[in-house]
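K.L.:
Fold the following and give me the result.
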Amino acid sequence: MNNIAAERARLNMSQETLGDLVGKSRQTIQKYEDGKPIPSIVLIKMADIFNVSSDYLLGIQKYSSERGWERWGNTK
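P.N.:
Sure, this is the predicted structure:
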């Protein structure tokens, strides 16, 4: 599961607004949130808009208030 919807909610942003910012339709944003592959250029734009890493948006990286950013499965 990716974190796009969570980041939109954090900024109180609609799918339509995000779509306008990245040049995609609301329906396409919904598909990305549902797991459809995201083109690299769109992913980079979204990461910039939300001020997070692309790995975080894709659900590959998580944030812990105690440890900061880390990849899933990293126990060090």
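
K.L.:
quick one, strands of the chain?
P.N.:
Using DSSP state E, the strands found in the chain span residues 61-64, 68-71.

K.L.:
Lowest mean pLDDT across those, which one is that?
P.N.:
Set side by side, those differ in mean pLDDT, and strand 68-71 is lowest with a mean of 56.

K.L.:
burial measure for the closest residue to Ile49 other than its chain neighbours, as a count.
P.N.:
If the residues on either side of it in the chain are set aside, Ile49 comes closest to Leu21, at 5.8 Å by CB to CB, 6 or more residues apart in numbering. C-beta here means a position set from N, CA and C on the backbone, and glycine is covered the same way. By the measure other CB atoms under 10 Å, the count of residues near Leu21 is 14.

K.L.:
Please verify my assumption that Leu21 contacts Lys45.
P.N.:
Yes: with contact defined as CB atoms under 8 Å, Leu21 and Lys45 form a contacting pair (7.1 Å).

K.L.:
Please list all residues in contact with Arg26.
P.N.:
Each residue near Arg26 by CB atoms under 8 Å, 6 or more residues apart in numbering is listed here: 14-16, 19.

K.L.:
Tell me the one among those nearest to Lys62.
P.N.:
Within the contacts of Arg26, the smallest distance to Lys62 is 23.4 Å, found for Gln15 (CB to CB).
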